[in-house]
Every structure is written in C-alpha cells, then in structure tokens.
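In: turn this into a structure:
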Amino acid sequence: MTPKLPVLSGDQLIKILEKFGYVRVRQKGSHVRLRHSSDLERVPVTVPLHKTLKRGLLHRLLRDAGITQEQLKSYL
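Out: Here you go, the predicted structure:
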C-alpha cells in the first residue's frame, strides 16, 4: 500500500520541480509550463496555480516528471 501524497499548492509543486531541474518556459493565465533544463527527453509539465492540487492531478504530474513519492517527500 502506498502512502498518501501530501497536499500541495501549485506554487509549492513548481518550487519542488525547479529543484529537480525544471525551468519555467511560459505562463498563460493560471497555468505554468515547465520543461527540464538538461534532459529534453522528459515530458514538459503544466502546473495550475491552484491553492491545493487534487491527489490525482499531483500523481499524474509527478509521474510525467519522473519523480517518485519518496523523492517528493525528501524535498518537503
């Protein structure tokens, strides 16, 4: 059984993704597009600037970015 994901805001997730090497590419409204700076094979990620991200969306964003739950918790 996997542990529950923490409750994060869009800003918090962007700061964590930046620690993993992602950079902001553009922003349109309340959505920020990030791309990995050195590994262009990684999928670009779009993060909404919501106060809280739902678990399903957070799980999908982490999967697309190639980040495990344990890696995420180590950066909290």
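In: what's around the residue nearest to Val7 when sequence neighbours are not counted, how many residues?
Out: Once flanking residues are discounted, Val7 sits nearest to Thr52: 5.6 Å by C-beta to C-beta, 6 or more residues apart in numbering. (Glycine included, C-beta is placed from N, CA and C.) By the measure other C-beta atoms under 10 Å, the count of residues near Thr52 is 12.
In: what are the buried residues along the lowest-mean-pLDDT helix or strand in the chain?
Out: Scoring the helices and strands of the chain by mean pLDDT, DSSP states H and E places helix 69-74 at the bottom, with a mean of 90. Neighbour counts over helix 69-74 (16 or more other C-beta atoms under 10 Å) mark Leu72 as buried.
In: what does stretch 51-62 give?
Out: 53, 58, 61-62.
In: cool, and stretch 17-28?
Out: Neighbour-count burial for stretch 17-28 [16+ other C-beta under 10 Å]: 17, 20, 22.
In: quote the end-to-end distance of it.
Out: 18 Å (C-alpha to C-alpha, to the nearest Å).
In: got it, and stretch 41-53?
Out: First-to-last residue span, stretch 41-53, C-alpha to C-alpha: 25 Å.
In: contacts only, for the residue nearest to Val7.
Out: 7-9 (C-beta atoms under 8 Å, 6 or more residues apart in numbering).
In: of these, keep whichever come out buried.
Out: Leu8.
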